[in-house]
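Asker: Take a look and give me a structure for this.
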Amino acid sequence: MAKKRSQPAARRPRADALRNRERILEVAKEAFTRLGAKASLDEIAKESGVGPGTLYRHFPARAELLYAVYRSELEKLAAAERKFAETMPPLEALRAWLLLFVDGIATKQLIAPAVNALVGDPKKVFEASYAQVQEALRALVKRAVRSGDIRKDLDPLDLLRALVGVANVAASPDWQQSAKRLVDILITGSRPPK
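Answerer: Numbering: from 1, shown residues only. A predicted model of the protein is given here:
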């Protein structure tokens with residue numbers, strides 16, 4: 001009887017490999033934002049301080065790099081909730097996160113069309129990331145409700161809908177400034193009646 005070989009345990013990436021991957025994602029985000037989906041992967045590798053082989057080892061196809069940039073941005077947004085909740089009062093944390101969300105919309109607006117151009121609707125690919133973002137906002141709103149800073153009947157998703165709405169109807173390049181002003185209006189309107 002043949003002896004069954006056990007599968008080797010998944011090896012954790014080395015620290016330098018993780019740093020390379022993060023740097024590639026940062027540079028790729030900037031390049032895709034500036035140049036769209038057709039940004040040169042060789043230039044991204046060069047600006048990241050890695051060779052093309054390293055880039056392709058992490059991201060074998062352009063679409064995988066686009067997905068990774070998009071997912072990374074949403075995951076950073078979700079993770080910011082914990083940092084803000086630990087370091088800021090509830091209302092300040094909610095406001096800071098919503099402002100970060102506005103910046104995330106800008107990235108999404110610039111990168112999502114590139115993803116769509118390559119592979120079609122990315123919604124299914126990013127459902128888990130969107131769920132993390134929604135959960136982060138729910139946690140911040142719940143904390144602000146408990147502190148008495150926000151009214152109890154606020155639906156956290158209404159805040160996102162309002163900000164996304166401003167971004168989607170924006171005809172001018174200054175939509176981000178308008179959305180950031182809207183954050184303060186939303187916060188004020190979400191406070192409990194006196």
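Asker: Break the protein down into its structural domains.
Answerer: Taking automatic domain parsing as the domain assignment, the ranges for the chain are 14-60, 70-189.
Asker: what about the helices in this structure?
Answerer: Read by DSSP state H, the chain holds these helices, from start to end of the chain: 15-35, 41-48, 52-58, 62-87, 90-119, 123-146, 156-169, 175-189.
Asker: CSV for those helices, including mean pLDDT and mean neighbour count?
Answerer: In short, each C-beta sits where N, CA and C put it, glycine included. Putting the helices of the chain into CSV (pLDDT from 0 to 100; neighbours: other Cβ atoms under 10 Å) gives the following:
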stretch, mean pLDDT, mean neighbour count
helix 15-35, 89, 17
helix 41-48, 96, 18
helix 52-58, 93, 16
helix 62-87, 88, 18
helix 90-119, 77, 18
helix 123-146, 83, 16
helix 156-169, 80, 16
helix 175-189, 88, 15
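Asker: Distance of the most centrally placed residue in the chain relative to G36?
Answerer: To find the centre residue of the chain, average its C-alpha atoms and take the closest one (Cα atoms, centre = their mean): that gives L74, at 2.0 Å. Distance from L74 to G36, counting by Cβ to Cβ, to the nearest Å: 19 Å.
Asker: ok, now L154?
Answerer: Following Cβ to Cβ, the distance that separates L154 from G36 is 37 Å.
Asker: doesn't A28 make contact with E47?
Answerer: No - because the distance of 9.1 Å does not satisfy Cβ atoms under 8 Å, E47 is recorded as not touching A28.
Asker: shared neighbours of these two, which are they?
Answerer: Counting by Cβ atoms under 8 Å, 6 or more residues apart in numbering, E47 and A28 have no shared contacts at all.
Asker: follow-up on the earlier one: is it correct that the residue nearest to the centre of the chain is in contact with S129?
Answerer: Yes - with contacts counted by Cβ under 8 Å, L74 reaches S129, the gap being 3.7 Å.
Asker: so what's Q134 up against?
Answerer: Contacts for Q134 were tallied using Cβ under 8 Å, 6+ apart; they are 156-157, 160.
Asker: hmm, 10 Å instead?
Answerer: Residues counted as contacts of Q134 (Cβ atoms under 10 Å, 6 or more residues apart in numbering) are 78, 156-157, 160.
Asker: Please identify which pair of those lies farthest apart.
Answerer: Using Cβ to Cβ, the pair of these lying farthest apart is A78 and L157, separated by 14.7 Å.
Asker: Counting neighbours, what do you get for the closest residue to V145 other than its chain neighbours?
Answerer: Nearest residue to V145 in three dimensions, chain neighbours excluded: K152, at 5.5 Å (Cβ to Cβ, 6 or more residues apart in numbering). For K152, the number of neighbouring residues by other Cβ atoms under 10 Å comes to 8.
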